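model the structure of this input:
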Amino acid sequence: MARAFLFGTALVAVLATGPVYAQDTTTTIEPQPQVTTKGSGTDDERRVNVTESAEIAGHKVLLITIARWLSVNFDLPLVLDPPRLAWVPPAKMATLLQAQQDHPAGVRNDNAQSGTMAPHDIVAIYSDAERTIYLPEGWTGETAVELSILVHEMVHHVQHVGGLTYACRGAREKLAYAAQDRWLQLFGRDLASEFDIDPFTLLVKTSCIH
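Predicted structure coming up:
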């Protein structure tokens with residue numbers, strides 16, 4: 001699939017941004033998926049298996065690289081166990097968001113924020129329970145803006161795996177938006193220009209409203 005090549009290009013872009021490994025002198029070799037080229041199945045089926053395995057490996061390398069970038073640039077633990085990626089339609093995204101608001105993870109329930117969003121307003125969702133980043137159908141990671149969405153959700157994965165807790169959903173989102181904005185600035189962009197999130201809107205999104 002084309003996504004494998006897009007993620008490979010994105011990885012080069014991440015590595016070119018600066019000191020991704022500046023504070024990490026160890027090298028971690030992650031096991032790659034084993035590809036079977038012999039056995040049952042037609043030649044076409046085997047080719048599909050090879051392509052899918054390569055795509056999964058590409059996703060894993062990119063996510064680990066983003067995790068390293070987050071660890072170096074923000075006060076976050078280094079998490080080398082990447083989440084799963086899944087592409088879903090807008091209606092499914094809305095359902096996932098509602099479930100997350102009903103049972104927020106990493107947030108003390110007494111201060112959890114609530115609210116609803118229209119399906120088309122939902123950019124991406126991280127599921128703590130499934131350790132999965134849900135992306136909208138059509139997301140490819142082809143641009144710096146699309147990749148910033150992945151950076152945002154990777155912060156939530158690191159927060160979850162690292163056992164970090166926050167007073168409210170807004171407080172949990174604050175670091176995710178900061179990382180996303182830092183990423184966008186590397187490419188001469190920002191949250192305001194790309195997502196219509198101005199400083200006041202950001203303050204509302206990242207505050208604990210009692």
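
only C-alpha atoms from now on, for both contacts and neighbour counts.
OK.

and residue 170, what element?
Assigned by DSSP states H and E, residue 170 belongs to helix 169-185.

any buried residues in that helix, and which?
Residues 169-184 are the ones in helix 169-185 that count as buried (16 or more other CA atoms under 10 Å).

now it: mean pLDDT?
Taken as a whole, helix 169-185 carries a mean pLDDT of 93.

after that helix comes which helix or strand?
Next along the chain after helix 169-185, taking DSSP H and E as the criterion, comes helix 191-195.

what's whatever helix or strand comes next after that next one packed up against?
Later in the chain than helix 191-195, the nearest helix or strand by DSSP H and E is helix 199-205. Where contact means 3 or more CA pairs under 8 Å, 6 or more residues apart in numbering; DSSP states H and E, helix 199-205 is packed against helix 169-185.

how about a cut-off of 6 Å?
The contact analysis (3 or more CA pairs under 6 Å, 6 or more residues apart in numbering; DSSP states H and E) places helix 199-205 against no helix or strand.

and the strands in this protein?
Using DSSP state E, the strands found in the chain span residues 84-88, 125-127, 132-136.

okay, now the unreliable bits of this protein?
Within the chain, the set of residues satisfying pLDDT under 70 comprises 1-52, 101-122, 210.

which residues in it form helices?
2-15, 43-73, 90-102, 144-161, 169-185, 191-195, 199-205 (DSSP state H).

I'd like those helices as TSV, with distance to residue 135 appended.
Converted to TSV, the helices of the chain look like this (distance: least, CA to CA, whole Å):
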stretch	distance to residue 135
helix 2-15	13
helix 43-73	13
helix 90-102	8
helix 144-161	8
helix 169-185	15
helix 191-195	16
helix 199-205	20
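
winner for burial among the ones you listed?
helix 144-161 (a mean of 22; mean count of other CA atoms under 10 Å).

next, the angle strand 84-88 makes with it.
Relative orientation of helix 144-161 and strand 84-88, computed by axes from the mean of the first three to the mean of the last three CA atoms, to 10 degrees: 130 degrees.

quick one on the thing from earlier: dump the helix holding residue 170 to CSV, restricted to CA.
Taking Å, rounded to 0.1, in the frame of the first residue of the first chain, the C-alpha atoms of helix 169-185 are listed here in CSV:
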residue,chain,number,x,y,z
ARG,A,169,-9.3,16.2,30.5
GLY,A,170,-8.2,19.7,29.6
ALA,A,171,-5.0,19.3,31.7
ARG,A,172,-4.3,16.0,29.9
GLU,A,173,-4.8,17.8,26.6
LYS,A,174,-2.5,20.7,27.4
LEU,A,175,0.8,18.8,26.7
ALA,A,176,-0.7,17.1,23.6
TYR,A,177,-1.5,20.5,22.1
ALA,A,178,1.9,21.9,23.0
ALA,A,179,3.7,19.0,21.3
GLN,A,180,1.4,19.3,18.2
ASP,A,181,2.1,23.0,18.0
ARG,A,182,5.9,22.5,18.4
TRP,A,183,5.8,20.0,15.6
LEU,A,184,3.8,22.4,13.3
GLN,A,185,6.3,25.2,14.1
